[in-house]
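Enquirer: for reference, the sequence and a predicted model appear below.
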Amino acid sequence: MTTQLAVRLPEDLIARLDALIPEKHSSRSEAIRRAIELYLFRVAWEHDAQQYERVPLTESELALADDPEAWSDTPRW
């Protein structure tokens, strides 16, 4: 399901967006949707990074990451 959303953008931003469409995307809508997805991913990543700064991994957690045997029971996706 999708919802239509109206936004106002500066003309120079629209011109830059339109220049990318034929090369990278099939429509303005697709390009804007992808930009929002990437922005939301980045915000989530920055949030995670802040949490790791606030509560760093313990020495045992870091050691687990370096031990290939510790990952042997992890499902192969």
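Expert: Okay, I see it.
Enquirer: by contact count, what packs against the helix or strand containing A19?
Expert: In this structure, A19 sits in helix 11-24 according to DSSP states H and E. Applying 3 or more Cβ pairs under 8 Å, 6 or more residues apart in numbering; DSSP states H and E, one finds that helix 11-24 contacts helix 28-54. For every residue, glycine as well, the C-beta is placed using N, CA and C.
Enquirer: just the mean pLDDT for the next helix or strand after the helix it packs on, thanks.
Expert: Using DSSP H and E, the helix or strand that directly follows helix 28-54 along the chain is helix 59-66. The average pLDDT within helix 59-66 is 81.
Enquirer: what of stretch 30-41?
Expert: Average pLDDT, stretch 30-41: 94.
Enquirer: using PDB, list the CA coordinates for that stretch.
Expert: Listed next in PDB are the C-alpha coordinates belonging to stretch 30-41 (Å, rounded to 0.1, in the frame of the first residue of the first chain):
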ATOM      1  CA  GLU A  30      11.200   6.400  -7.200                       C
ATOM      2  CA  ALA A  31      14.200   8.700  -6.800                       C
ATOM      3  CA  ILE A  32      12.500  10.500  -3.900                       C
ATOM      4  CA  ARG A  33      11.400   7.200  -2.300                       C
ATOM      5  CA  ARG A  34      15.000   5.800  -2.500                       C
ATOM      6  CA  ALA A  35      16.400   9.000  -1.100                       C
ATOM      7  CA  ILE A  36      14.100   8.800   1.900                       C
ATOM      8  CA  GLU A  37      14.900   5.100   2.400                       C
ATOM      9  CA  LEU A  38      18.600   6.000   2.500                       C
ATOM     10  CA  TYR A  39      18.100   8.900   4.800                       C
ATOM     11  CA  LEU A  40      16.100   6.700   7.300                       C
ATOM     12  CA  PHE A  41      18.800   4.000   7.100                       C
END
